[in-house]
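Engineer: Next comes the sequence, and after it the predicted model I'd like to discuss.
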Amino acid sequence: MAFESTYQPEVVERAWRERWEDARDFHAPEPATAAPFSVVIPPPNVTGVLHIGHALNSTLQDILVRWWRMQGRSVLWVPGTDHAGIATQNVVEKQLAAQGTDRHAIGREEFVRRVWLWKEESGGKILNQLQRLGCSCDWERQRFTLDEGLSRAVRQVFISLHGEGLIYRDERIINWCPRCHTALSDLEVENESTPGHLFHIRYPFAAGDGGIVVATTRPETILGDTAVAVHPDDARYSGHIGQMLVLPVGPARRIPVVADAAVDPAFGTGALKITPAHDASDFETGRRHGLNAPKIMDDSAHLTGDVGRYAGMERFAARKAILADLEERGLLVRREEYAVPLGHCYRCRTVVEPALSPQWFVRAKPLAEPAMAAVREKRTRIIPEHWERTYFEWMENIRDWCISRQIWWGHQIPAWYCRDCNGARVSEELVPAMTPGASAQTTLRIAVDAVPIVSQDTPQRCPTCDGDRLVRDPDVLDTWFSSALWPFSTLGWPERTQLLESYYPTSVLVTSFDILFFWVARMMMMGLKFMGEVPFRDVYIHALVRDADGHKMSKSRGNVIDPLGMMERYGTDACRFTLTALAAQGRDIKLAEERIAGYRNFVTKLWNASRLVAMNLEGHGEPLEPALPVVAIEDRWILSRLDGLVRRVNRSFADYLFNEAASALYQFTWHEFCDWYLEMVKPRLSADGAAGEAARGSAVYVLRRVLSLLHPIMPFVTEEIADRLPGRGRHLAISPYPTPDERWADGDAEAEMTLVIEIVTAVRTIRGEMNIKPSLGVEIVLEEVSAAAAVLVERENAIIRRLAHARELRVNQGGATGEAATAALSFGVLRIPLVGVVDFAAELRRLEKDLLKVDTDAAFIEKKLAREDFVRNAPAEVVAKDRRRLEELLEKRALLDASRARIAGIIGASGERAP
Ligand SMILES: [Zn+2]
Ligand SMILES: [Zn+2]
């Protein structure tokens, strides 16, 4: 097939996506027909759009998957999306807001229907984008965390863990987002220290003068205080333990001073206000002392309950009002600058409020133990290994996992309550409207001691009293609960499917470290619990993609690189190759658009080289293999180098050293194959007869193997080229991956070619330095070389002369060479006689002129950089650019100077520069 002169990525990529799909090349056999290799994709959010992190993550997975598929394994790569509870709910809530309504107005059922509608119409775009990236997933086996099968698995796990007491309901302080109106797990809260104040506030004694000063960052919670605690050994307060204080603002409530060993006497004043319903450690203190836990904030963080004139105020407005009142009464003793640790909702950035709330929890410790043992015993390997320590640290300190969320989009908890059995413990409460104009709603309140009926399907009657007044728990499960089951739920669990039988445990999970705990650790726990086996043999953790300066990419910084735009501009293969080449273990990836542009040149180079080979095949037979025995040195050499490359690339992929595979492939293809081999073999490629046949056979053979080797990284261009070369059969995607072939290993040829390359390179360098035109044939004289090297030079004389553009190449047997440029080789000395080749005087004048220009330019920049005001005031990138330019000029200067000294030496002029 004819090669167009330029490679057209979009046309080729679209065609191959269709051809692979039509041929079902990526469909996994069920049951597996060979040793299995399986991967589950980290399911992107159904709201997601492909970003550079996905592109990296998916490219690395695809490399492994394609590599193993080409090795003949039965390969399954399961694609799918996550329903992404809060994120998706927020998207649809925004839509509703734009239509002037909200979810409460339309009700739960209608809201969930709208989310599904949104999902069908606009959700899951990211899967198409992954397809465009070339991901060879089994697209017929797409899963969604809320699809029917996965929902069944979720309920099954819930019921089972609940039955064992590993899921329980309790009233605890949880992280509450007043914007999203839901509880958040500790992992979903982003902690950040913010400049603020520590307020020192006097609580007056109920009897007599004076009082105790406490320090707090949240004065609005005073209204929920039920005690002030001091350390039992703190001499400052020992006389006051048991005395009563009065709240400094709000209703004149009396609270006791209690002694508690958990109080840190060094913090603030050593006296702590205790607000059991709004602080996790105060909650514990309150339990120890039998204190009440009055809630003083509603779900939107407005003050409520016994709070006097502050009722209905938003929390930060209440803080202001309370501080003003304290000030007026002279009870605000001090306002201290303080870095306040604040938790923010990871979805909406609202400051999280610790709140007392009945929630569902997973008891984590018993599940964490086997998950730690599995990594300790290397049943699951974490790569790079240093992440193991992070994993263990977190697992050792694991806390129970709050799994209930007060939103509507997700797996509703499979628990029902019988109103008859539970009496007032299940009640409806009228909640005032959040926004002006909206109507109040009734909310189901389920006390923590209400008895749940946990069931896979909706129960019709209460098993205890046979009553039919059942209500379902309104909460849904944390999104990560269903993703924790992903490696086995996607394969059909709880059914014992062939798919599960063949492909679990999966072979490798490829992910970034930011979801090591959210997801990886929890999959380990659930996989071991329900499958009795680890969910994956290897976990490969890749780095983050940052901008060229190492900054995190963010919209606000304006440094985001959009992979879809890059794929359009440079082709998908160039993007994939760039990410692979930069994916060194344990190092962040610094990505710049120029890198992608650079690797597009690589794709072009490969295309042009293939075109050259293909053109020379026209009019000849279709050779597929090198003719044996291989005679020509360049054929022997390239085949031997290819064999080394095959070994290196296979080893690198096996060790997850993606960048090393990319680098070896790049070096070989660009330099050894295109620059050296094709250059050397060119005249033979078009020749008739045995020599021509041999050249064509070797060239096609090496090229086809290079395409196979590159295929996992650059699937499109390689598949397209292979399809246009002789020997095409099955798609490259399902053709065998090259394995080492002893026939080609040829140490002699490699050693000899090293000498040839050394000679040619030395001549090219001298040509550059001496400004000798490439068309001007020179004479090459070698001296002090061994007999073996002399024989080689004799034998390969023609090739060396052609590549170096030399009239003559000889080994000097004694006798002077006259004025010559000299280069030291590893095996002798190379001279190029210059008389009649170079006009020394003219060349010297040219060099002097160039040196003068470089010196002037360098001096100008040096002077600029020496100016303090410039360095201080100019934008950093301008200064950096000048520094780079200066460096370049100094380098250039050194080169020019060396050439000048060389010529000056030859013609006996002074080594010093002319004034
Ligand atoms: Zn939020
Ligand atoms: Zn009942």
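Structural biologist: Ah, there it is. Worth saying up front: this structure is predicted, and the values here are computed from it rather than measured. Ligands and ions are numbered 1, 2, ... in the order given.

Engineer: Give me the longest helix you can find in this structure.
Structural biologist: Longest helix in the chain by number of residues (criterion: DSSP state H): helix 876-907.

Engineer: now for that helix, which elements pack on it?
Structural biologist: With contacts defined as 3 or more CB pairs under 8 Å, 6 or more residues apart in numbering; DSSP states H and E, the packing partners of helix 876-907 are helix 747-770, strand 820-825, helix 840-866. Any C-beta I mention is one placed from the backbone N, CA and C, and that applies to glycine too.

Engineer: Those: lowest mean pLDDT?
Structural biologist: Least confident of the helices and strands packed on helix 876-907, judged by mean pLDDT, is strand 820-825 with a mean of 82.

Engineer: I'd like to check the angle between that strand and helix 876-907, please.
Structural biologist: Angle of strand 820-825 versus helix 876-907, following axes from the mean of the first three to the mean of the last three CA atoms, to 10 degrees, is 120 degrees.

Engineer: residues making contact with strand 820-825?
Structural biologist: Defining contact as CB atoms under 8 Å, 6 or more residues apart in numbering, one finds that strand 820-825 is touched by 755, 758-759, 762, 765-766, 769-770, 781-782, 785, 829-834, 902, 906.

Engineer: which stretches of the protein have low pLDDT?
Structural biologist: Where the chain drops to pLDDT under 70, the residues are 1, 431-440, 816-817, 908-915.

Engineer: Provide a list of residues in contact with the residue of it positioned farthest from its centre.
Structural biologist: Going by CA atoms, centre = their mean, the residue of the chain most distant from its centre is Gly815, 64.9 Å out. Residues in contact with Gly815 (CB under 8 Å, 6+ apart): none are found.

Engineer: Who are the contact partners of Glu502?
Structural biologist: Quick fix: residue 502 reads Ser, not Glu. By CB under 8 Å, 6+ apart, the residues touching Ser502 are 30-32, 36, 38, 74, 76.

Engineer: Which of the helices and strands packed on helix 876-907 sits closest to Asp325?
Structural biologist: Asp325 lies closest, by CB to CB, to one member of the helices and strands packed on helix 876-907: helix 840-866, at 59.3 Å.

Engineer: just how off-centre is the helix or strand just after the closest one within its chain?
Structural biologist: Next helix or strand after helix 840-866 toward the C-terminus (DSSP states H and E): helix 868-873. Centroid separation between helix 868-873 and its chain, computed with CA atoms, centre = their mean, to the nearest Å, is 38 Å.

Engineer: Send me helix 868-873 as CSV with only the CA atoms.
Structural biologist: The C-alpha trace of helix 868-873 is given here as CSV (Å, rounded to 0.1, in the frame of the first residue of the first chain):
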residue,chain,number,x,y,z
GLU,A,868,20.2,44.4,40.8
ASP,A,869,17.0,46.3,39.9
PHE,A,870,16.6,44.2,36.8
VAL,A,871,17.0,40.9,38.5
ARG,A,872,14.6,42.0,41.3
ASN,A,873,11.9,43.6,39.1
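
Engineer: Write out the residues of the protein neighbouring ligand 2.
Structural biologist: Residues of the chain lying close to ligand 2 (CB under 5 Å from the ion) are 418, 420-421, 462, 464-465, 467.

Engineer: Which one (most neighbours) among those?
Structural biologist: Cys418 (24 neighbours; other CB atoms under 10 Å).

Engineer: Ramachandran angles for it?
Structural biologist: Dihedral pair for Cys418: phi -90, psi 120, per degrees, to the nearest 10.

Engineer: measure the residue farthest from the centre of the chain to Gly777 for me?
Structural biologist: For Gly815, the distance to Gly777 equals 21 Å [CB to CB, to the nearest Å].

Engineer: and if you look at Asp538?
Structural biologist: Relative to Gly777, and taking CB to CB, Asp538 is found at 58 Å.

Engineer: and the residues of the chain next to ligand 2 as TSV, adding distance to ligand 1?
Structural biologist: Converted to TSV, the residues of the chain next to ligand 2 look like this (distance: CB to the ion, whole Å):
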residue	distance to ligand 1
Cys418	33
Asp420	37
Cys421	35
Cys462	36
Thr464	38
Cys465	39
Gly467	38
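
Engineer: In strands, which of the residues you listed fall?
Structural biologist: Cys418 (DSSP state E).

Engineer: so what's Val879 up against?
Structural biologist: By CB under 8 Å, 6+ apart, the residues touching Val879 are 865, 870-871.

Engineer: Need the buried ones from those residues selected in ChimeraX.
Structural biologist: Buried subset of the contacts of Val879, written as a ChimeraX selection, criterion 16 or more other CB atoms under 10 Å:
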select :865
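
Engineer: Now the residue farthest from the centre of the chain: which helix or strand?
Structural biologist: For Gly815, there is no host helix or strand (DSSP H and E).

Engineer: Nearest to ligand 1, out of the contacts of Ser502: which one, please.
Structural biologist: Ser38 (35.9 Å; CB to the ion).

Engineer: on that earlier part again, please flag which of the contacts of Ser502 sit within strands.
Structural biologist: Among those, the members found in strands (DSSP E) are 36, 38, 74, 76.

Engineer: ok, what's across the strand from the last one?
Structural biologist: Here Leu76 sits in beta bridges with Ser38, as judged by DSSP bridges.

Engineer: from memory it sits against Arg141, does it?
Structural biologist: Yes - between Leu76 and Arg141 there is a contact under CB atoms under 8 Å: 7.5 Å.

Engineer: and those two? which has more neighbours close in?
Structural biologist: Per other CB under 10 Å, whichever of Leu76 and Arg141 has more neighbours is Leu76, with 28 against 18.

Engineer: quick one: contacts for the more buried one?
Structural biologist: Neighbour list for Leu76: 28, 32, 36-39, 138, 141, 499, 502-503 [criterion: CB under 8 Å, 6+ apart].

Engineer: Which one (most neighbours) among those?
Structural biologist: Neighbour tally across the contacts of Leu76 (other CB under 10 Å): the maximum, 29 neighbours, falls on Tyr503.

Engineer: got the contact list for Val112?
Structural biologist: 408-409.

Engineer: let's see it at 10 Å
Structural biologist: Val112 sits next to 89, 92, 103, 408-410, 412, 476 when contact means CB atoms under 10 Å, 6 or more residues apart in numbering.

Engineer: One more: Phe716?
Structural biologist: Going by CB under 10 Å, 6+ apart, Phe716 touches 7, 9-10, 12-17, 134, 571-573, 576, 603.

Engineer: and stretch 707-726, C-alpha only, in CSV?
Structural biologist: The C-alpha coordinates for stretch 707-726 follow below in CSV (Å, rounded to 0.1, in the frame of the first residue of the first chain):
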residue,chain,number,x,y,z
LEU,A,707,6.6,-1.6,15.2
SER,A,708,5.6,-4.5,17.4
LEU,A,709,7.9,-3.3,20.2
LEU,A,710,6.6,0.2,19.9
HIS,A,711,3.0,-0.8,19.6
PRO,A,712,2.0,-0.9,23.3
ILE,A,713,3.1,2.8,23.6
MET,A,714,2.1,4.0,20.1
PRO,A,715,-0.7,1.8,18.9
PHE,A,716,-2.1,3.8,16.0
VAL,A,717,0.9,4.7,13.8
THR,A,718,2.5,1.3,14.3
GLU,A,719,-0.6,-0.6,13.4
GLU,A,720,-1.1,1.6,10.3
ILE,A,721,2.5,1.1,9.1
ALA,A,722,2.5,-2.6,9.7
ASP,A,723,-0.7,-2.8,7.7
ARG,A,724,1.1,-1.3,4.7
LEU,A,725,4.2,-3.5,4.8
PRO,A,726,4.6,-7.0,3.4
